[in-house]
Every structure is written in structure tokens, then in C-alpha cells.
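K.L.:
Below are the sequence and a predicted model; questions follow.
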Amino acid sequence: MKSKLVKFGLFFLLLFLQINCSEEEVEKICIIEHISDAYDYPIKPGTPEWRLLESSQEMIDACQISFDVLGNISTEGLIETVLNYPLYGDIFLSDVNDQTGFNAVSENFNGISVLLQRKDASTKLLERYRQMHPSCKENNWPSLVEPGGSSEFSFSFIEILIAQYSILNQLIPNNEYKTVMQEILEKDKQKTKYNYSHTGKEQSVLILGRLMYLLNYTPFIKEYNSNHYVKIFIDGASDFKTGTLDIVNEYAIEFLNQK
């Protein structure tokens with residue numbers, strides 16, 4: 001009887017340790033180390049100074065960073081600086097589409113244009129992206145989203161950066177696009193597993209579609225030219241018809257299987 005109790009106790013001890021270790025592993029992948037030279041906006045939401053701002057233009061002006069400062073920030077720090085830009089979320093408030101929103105925010109904030117011109121921008125963006133995991137639903141790496149908020153926004157914020165053609169063009173010469181596409185497809189599976197919304201999956205699929213477009217993948221180009229909704233998704237970064245994301249995903253899988 002005593003031996004059975006001992007075995008029973010050991011079983012629950014091992015089970016407890018396994019669960020505890022799993023939780024620790026999740027916590028580790030949910031926390032990305034702060035980059036020391038990232039810019040700390042002196043005026044941002046939550047500060048008394050921010051509450052005194054009366055117009056969008058005043059908010060835009062308050063968040064500007066001089067080119068001298070931007071020029072001395074590492075690419076890793078610049079990425080975090082952009083993700084922390086207090087008005088970055090305005091990208092997804094455009095009445096037209098997300099690409100129009102991105103362009104508008106980029107015009108108002110020089111940090112984005114400086115980042116997109118960095119020669120190592122794609123490499124550093126991917127390094128940060130690979131640290132992110134869709135299971136981190138209640139804990140976020142530094143971004144506009146407060147800790148405990150939805151990580152869908154954190155993914156969308158960095159994915160729309162990666163989806164810019166100036167970034168994607170950096171991936172093609174070294175055949176790095178294959179690894180990126182595989183990474184995106186795997187994250188898409190994880191997003192499905194953790195019940196991400198349609199909106200939370202748009203920008204990752206956009207990366208796949210734009211890469212195939214740049215690579216002139218004939219079957220996808222034919223779909224792009226004949227399917228109005230695929231075209232407006234690739235051009236505008238917003239999906240307006242259910243099923244479009246699945247179509248792009250299927251072409252991406254076929255593309256990788258042929259390479």
C-alpha cells in the first residue's frame with residue numbers, strides 16, 4: 001500500500017514539474033529583451049503632457065525624432081522604436097486599406113522611412129519576428145499594445161513592416177525567402193491553433209503573397225490578374241473577402257513544394 005502511495009505521489013510530482021517547466025518555457029518565449037538604445041518617447045499616451053495635446057497634428061509633432069538621433073540607433077533599436085511609436089496603430093484605422101494607412105503613418109513619422117532604408121532591416125526584423133510565438137496571447141513583447149493585451153496586434157505591427165516591398169526585396173538575392181515563407185506558414189498554423197482572428201492572420205499571409213508576386217510565380221500571377229479580391233489584398237494589405245487568405249496560403253504551399 002505504501003509503495004503504491006509513493007508511486008502515486010511521484011507521478012503527481014513529475015506531472016507538476018512538467019507543467020511548471022512548460023509554463024516557464026512559454027514565459028521565456030513571450031518576453032523579448034528590451035533593446036537598450038531604442039528611443040524612449042518623452043511624450044506618449046499616459047503622460048500628463050499627452051493629455052494636453054488637442055489635435056492629431058500636435059500628437060504627430062510630439063513624437064518626431066531628429067535624424068541625428070535616428071542615425072545613431074542600432075537597427076534592432078530602431079525596430080523597437082518604430083513598434084513603440086505611439087501613433088503606429090493608426091495604420092489600421094485607414095478608411096481605404098492598411099497599405100494606405102501604413103503610407104500615411106510613414107509620411108508622418110520619419111522613423112519608418114529610416115528603418116526601411118537600412119541594409120540590414122530585413123535580417124533584424126526577421127530575427128525579432130522569430131522570437132515571437134502565437135501562444136503568447138496574454139503577454140506581449142514591447143509594442144503599442146499594453147502587456148496583457150492581444151498579441152494579434154503585435155504580430156500585425158511587425159508583419160506589415162516585413163511585408164513592405166523594400167524589405168522583401170532584401171530577402172530574394174540570398175534565397176532567404178524560402179525560409180521566411182516556411183516560418184510564416186508555421187506561424188499561421190499556430191495562429192489557427194490559438195484561435196487568432198481573421199485580422200490577426202492577414203499580414204502574415206500578405207508576406208507570402210507579395211513574395212510570390214515579386215518572384216513572378218506564374219500560377220499566382222495568373223490568380224492575381226484574374227481574381228479581383230486577391231489583387232486588392234496584395235496591393236492594399238487588406239482582405240475584403242472570406243477565403244482569400246486560404247487561396248494565397250495554398251499557392252504558397254504549392255510554390256515551396258516545387259522548389
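P.N.:
That came in fine, so what should we check first?

K.L.:
Could you check how far stretch 117-126 is from the centre of its chain?
P.N.:
From the chain centre to the centre of stretch 117-126 is a distance of 14 Å (C-alpha atoms, centre = their mean, to the nearest Å).

K.L.:
any weak-confidence spans in the stretch 101-250 of the chain?
P.N.:
In the predicted model, the stretch 101-250 of the chain carries pLDDT under 70 at residues 137-149.

K.L.:
in it, which spans are helices?
P.N.:
For the stretch 101-250 of the chain, helices defined by DSSP state H, counting those that start in this stretch occupy the ranges 110-117, 121-130, 151-162, 165-171, 177-193, 199-214, 218-226, 228-236, 244-258.

K.L.:
Output those helices as a markdown table; include the columns mean neighbour count and distance to Met59.
P.N.:
All C-beta atoms are positioned from the backbone trio N, CA, C, and that covers glycine. Shown next, in a markdown table, are those (neighbours: other C-beta atoms under 10 Å; distance: least, C-beta to C-beta, whole Å):
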| stretch | mean neighbour count | distance to Met59 |
| --- | --- | --- |
| helix 110-117 | 18 | 15 |
| helix 121-130 | 18 | 26 |
| helix 151-162 | 23 | 18 |
| helix 165-171 | 17 | 26 |
| helix 177-193 | 16 | 31 |
| helix 199-214 | 23 | 24 |
| helix 218-226 | 14 | 37 |
| helix 228-236 | 18 | 25 |
| helix 244-258 | 16 | 33 |
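
K.L.:
between these, which gets nearest to Thr75?
P.N.:
Thr75 sits nearest to helix 121-130 of all those, at 4.4 Å, using C-beta to C-beta.

K.L.:
And the closest one, what does it pack against?
P.N.:
Other elements packing on helix 121-130 under the criterion 3 or more C-beta pairs under 8 Å, 6 or more residues apart in numbering; DSSP states H and E are helix 75-83, helix 151-162, helix 165-171, helix 177-193.

K.L.:
Distance to Phe220 for these - can I get that in a markdown table?
P.N.:
Converted to a markdown table, the helices and strands packed on helix 121-130 look like this (distance: least, C-beta to C-beta, whole Å):
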| stretch | distance to Phe220 |
| --- | --- |
| helix 75-83 | 29 |
| helix 151-162 | 18 |
| helix 165-171 | 14 |
| helix 177-193 | 12 |
